[in-house]
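**Student:** Mind folding the following:
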Amino acid sequence: MSIQTEIERKYIIEKPSESDLAKMQGFTKSEILQIYLENTESGATHRIRKRAFAGGDVEYTENTKQRIDEMSVIECEDRISEEEFCRLSKKIDKTTTPILKTRYTFLYKGKTLEFDLYPLWKSSCIMEVELESREESFEVPDFIKVIKEVTGDTRYSNHSMTRVFPNEII
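**Tutor:** Numbering: from 1, shown residues only. You can find the predicted model right below:
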């Protein structure tokens, strides 16, 4: 089990072209299915994820997150089997809908940038970057057009988006 504090900034950006992203160091592409489960722990989220990588590898994980503040969460994550994923998926939180997204990642100035593309949004996506501390500055790459920073805006957490998917900002 991996337990860590995650500090991140989150932005809505204009969707960059996959061909531009594919040129970046460490580029990966994956398809993600996230299912939020019934949870008895107050304030925490409990989810499972199937992540299928472009090369054919598939990874299954179970995760809980407890929010500390608008930028930080305590995250516990375990790899699970496909069978465990299927078993747990039956415990879906009935107030949520599974979320599908395409994730692109690459390295930029020592940071891994994650771009989540959602089927309902045509022109924009969400970019996240994990930081070492709340005070650490981050320089957005020149080729990325930020529409709005949404760090701490709960409407753009994946958990919230499984309940009410926000309209696209363009």
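**Student:** For the rest of this, base every contact and every neighbour count on C-alpha atoms.
**Tutor:** Noted.
**Student:** lowest confidence element among the helices and strands of the protein?
**Tutor:** The helix or strand of the chain with the lowest confidence, counting by mean pLDDT, DSSP states H and E, is helix 18-22 at a mean of 88.
**Student:** outside of it, which residues touch it?
**Tutor:** With contact meaning CA atoms under 8 Å, 6 or more residues apart in numbering, helix 18-22 is reached by 27-28, 104, 106.
**Student:** go with 7 Å
**Tutor:** Helix 18-22 is touched from outside by F27, with contacts defined as CA atoms under 7 Å, 6 or more residues apart in numbering.
**Student:** and what of stretch 77-95?
**Tutor:** Taking CA under 7 Å, 6+ apart as the rule, stretch 77-95 contacts 1-3, 35-38, 48, 60-64, 163.
**Student:** part of a strand, is H159?
**Tutor:** No: read with DSSP: H, G, I helix; E, B strand; the rest coil, H159 is helix and lies in no strand.
**Student:** What's the local residue count around it?
**Tutor:** 21 (other CA atoms under 10 Å).
**Student:** gap between it and S19?
**Tutor:** 29 Å (CA to CA, to the nearest Å).
**Student:** ok, now I3?
**Tutor:** 35 Å.
**Student:** Quick check on the two: which one has the bigger neighbour count.
**Tutor:** Using other CA under 10 Å, the more surrounded residue of I3 and S19 is I3, with 13 against 8.
**Student:** Spit out the contact partners of the more buried one.
**Tutor:** Contacts of I3 (CA under 7 Å, 6+ apart): 75-77.
**Student:** Take those residues and write them to JSON lines, including pLDDT.
**Tutor:** Shown next, in JSON lines, are these (pLDDT from 0 to 100):
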{"residue": "E75", "pLDDT": "91"}
{"residue": "C76", "pLDDT": "93"}
{"residue": "E77", "pLDDT": "94"}
